[in-house]
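S.K.: sequence and computational prediction follow.
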Amino acid sequence: MSSLSTHVLDAVSGTPAPGIAVTVTGPGDAPISAGVTNEDGRIADLAPGGLPHGIYTISFATGEYFDRIGVAAFYPKVDITFAVSDDRHYHVPVLLSPFAFSTYRGS
């Protein structure tokens, strides 16, 4: 089984993005887990029971975050779909701005 974590950085301010609701769905869009980024923009364990091999989507409620900080933004939600293909830790970080986002396979 694999573990999963995330980190969201507000690329405009250069600071963590706290309070972002995050959900994880698995094969067949089955809900797996949910959480909210902490003051450091992190969720350390998004798969408490572990993830078997498969395709997953992690969704970030970015619109609510930008509304809360008073910033107009283009992306109300960011969905990232990824494959779990071996037993390891998966880290899905997001660099976020009002009009762009990027991600990469973290460690």
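M.R.: Sure, I can see it. Keep in mind the model is a prediction, meaning the values are calculated, not measured.

S.K.: any idea how far residue 58 is from the residue in the chain sticking out farthest from the centre?
M.R.: Using CA atoms, centre = their mean, the residue of the chain lying farthest from its centre is residue 70. It sits 21.0 Å away. Using CB to CB, to the nearest Å, we find residue 70 at a distance of 26 Å from residue 58. Yep, even glycine has a C-beta here, placed from its N, CA and C like the rest.

S.K.: so how far is residue 6 from the closest residue to residue 98 other than its chain neighbours?
M.R.: For residue 98, ignoring the flanking residues on the chain, the nearest one in space by CB to CB, 6 or more residues apart in numbering is residue 73 at 3.9 Å. The gap separating residue 73 from residue 6 is 19 Å, by CB to CB.

S.K.: residue 60 pairs with what?
M.R.: residue 22, residue 78 (DSSP bridges).

S.K.: neighbours of residue 90, just the number please.
M.R.: 22 (other CB atoms under 10 Å).

S.K.: ok, it touching residue 51?
M.R.: Yes - assessed by CB atoms under 8 Å, residue 90 is found in contact with residue 51 at 7.4 Å.

S.K.: picking that back up, give me the phi and psi for the residue farthest from the centre of the chain.
M.R.: phi 70, psi 40 (degrees, to the nearest 10).

S.K.: which residue is the nearest non-sequential neighbour of residue 53?
M.R.: Using CB to CB, 6+ apart, the nearest residue to residue 53 is residue 84, at 5.4 Å.
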